[in-house]
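[1] Could you look at this predicted model? Sequence included:
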Amino acid sequence: MSNKPKAASNVPVPTMRRGVKGFYRDVVREMKHVTWPTPQETSRLTGVVLAVCILIIIMLQVLTYFFHIILQLIIRGG
């Protein structure tokens, strides 16, 4: 008895193309299905990413400062 799972009958089976030419043909076909963002949406999302990065940097700097103070108090003995 085979332990292979059965594929659903309504699922299309991808065709196998060999070589670099087939790979790039598949890449081009898939890239046509991509929904590209508008320039305005790209700018807005870039701003969101930069703002989150800056916020995380500030939070890490504050935590570093507090841990430094706490460790100095522990090392010096109060």
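    Nice, I can see it.
[2] Where does pLDDT dip in the protein?
    1-9, 12-17, 78 (pLDDT under 70).
[3] just the helices in it please.
    Under the criterion DSSP state H, the chain carries helices at the ranges 19-31, 39-76.
[4] So which residue is smack in the middle of this protein?
    residue 49 (12.1 Å; Cα atoms, centre = their mean).
[5] And that residue, how close does it get to residue 34?
    Note on residue 49: its distance to residue 34, by Cβ to Cβ, to the nearest Å, is 19 Å. All C-beta atoms are positioned from the backbone trio N, CA, C, and that covers glycine.
[6] Then residue 18?
    25 Å.
[7] With residue 42 instead?
    From residue 42 to residue 34 the distance is 14 Å (Cβ to Cβ).
[8] Kindly report the same for residue 70.
    Counting by Cβ to Cβ, the gap from residue 70 to residue 34 is 49 Å.
[9] okay, the two: which has more neighbours?
    Taking neighbours as other Cβ atoms under 10 Å, residue 70 and residue 34 compare with residue 70 leading, 10 against 7.
[10] ok, the more buried one - contacts?
    Listed by Cβ atoms under 8 Å, 6 or more residues apart in numbering, residue 70 has no contact partners.
[11] if I look at it, how far off is residue 55?
    Distance from residue 70 to residue 55, by Cβ to Cβ: 23 Å.
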